[in-house]
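# Based on what follows, work out the 3D shape:
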Amino acid sequence: MSTAPLRWLVALIACAGLLPAQADQGQAAFAEHCADCHTLRPVSGKRGPPLAGYPRYSSALRDGNIIWTPERLARYLAYPRKDLPGTRMRILGKLKADEITTIIDYLARNPE
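A predicted model of the protein is given here:
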């Protein structure tokens, strides 16, 4: 698996085309659920890896041969440890389906 699995996903769904209000919802959902651990920039310093490339993913992610489609990422975000045993990622609280969708859309529009 690539050291930047989300870059491929971002390129794949970049044409999703959101309305400004949807983009704001995605940014808010990312800030609420993801930004404590992740950044979209290739810098470290948070609990989780930056989403713009990272060389040290868990072996579950690195060796999983995952093709990151929006549907595959949604399944992972809903239940990371159940979906991919051995991953280090956990989500505090349960993400709603619409939050997952807006987060994925936000990632597609912000490939930094």
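# where exactly do the helices run in this protein?
5-13, 20-33, 59-62, 70-78, 80-83, 97-109 (DSSP state H).
# Contacts only, for Ala97.
Ala74, Ala78 (C-beta atoms under 8 Å, 6 or more residues apart in numbering). Heads up, the C-betas are built off the backbone N, CA and C, glycines and all.
# rerun at 10 Å
Counting by C-beta atoms under 10 Å, 6 or more residues apart in numbering, Ala97 touches Ala74, Leu77, Ala78.
# For the protein, name the helix or strand with the lowest mean pLDDT.
helix 5-13 (a mean of 49; mean pLDDT, DSSP states H and E).
# re earlier: could the contacts of Ala97 go into JSON lines alongside neighbour count?
Formatted as JSON lines, the contacts of Ala97 follow (neighbours: other C-beta atoms under 10 Å):
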{"residue": "Ala74", "neighbour count": "16"}
{"residue": "Leu77", "neighbour count": "20"}
{"residue": "Ala78", "neighbour count": "16"}
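# between the residues you listed, which is closest to Gly53?
Nearest to Gly53 out of the contacts of Ala97 is Leu77 (C-beta to C-beta; 19.0 Å).
# Verify the stated contact: the closest one with Thr87.
No: if you go by C-beta atoms under 10 Å, Leu77 and Thr87 don't touch, sitting 11.3 Å apart.
# Between these two, which contacts overlap?
Joint contacts of Leu77 and Thr87 (C-beta under 10 Å, 6+ apart) do not exist.
# Pull up the gap between Asp98 and Ala28, please.
Here Asp98 is placed at a distance of 12 Å from Ala28 (C-beta to C-beta, to the nearest Å).
# the more surrounded of the two?
Ala28 (14 against 10; other C-beta atoms under 10 Å).
# Contact partners for that one?
Glu99, Thr102, Ile103, Tyr106.
# ok, now His38?
Leu6, Phe30, Lys46, Arg47, Gly48, Pro49, Pro50, Leu51, Ala52, Tyr54, Met89, Leu107.
# switch to 6 Å and redo it
Counting by C-beta atoms under 6 Å, 6 or more residues apart in numbering, His38 touches Gly48, Leu51.
# now the one 4 residues further on
Applying C-beta under 6 Å, 6+ apart to Pro42 gives the contacts Pro50, Ala52, Gly53.
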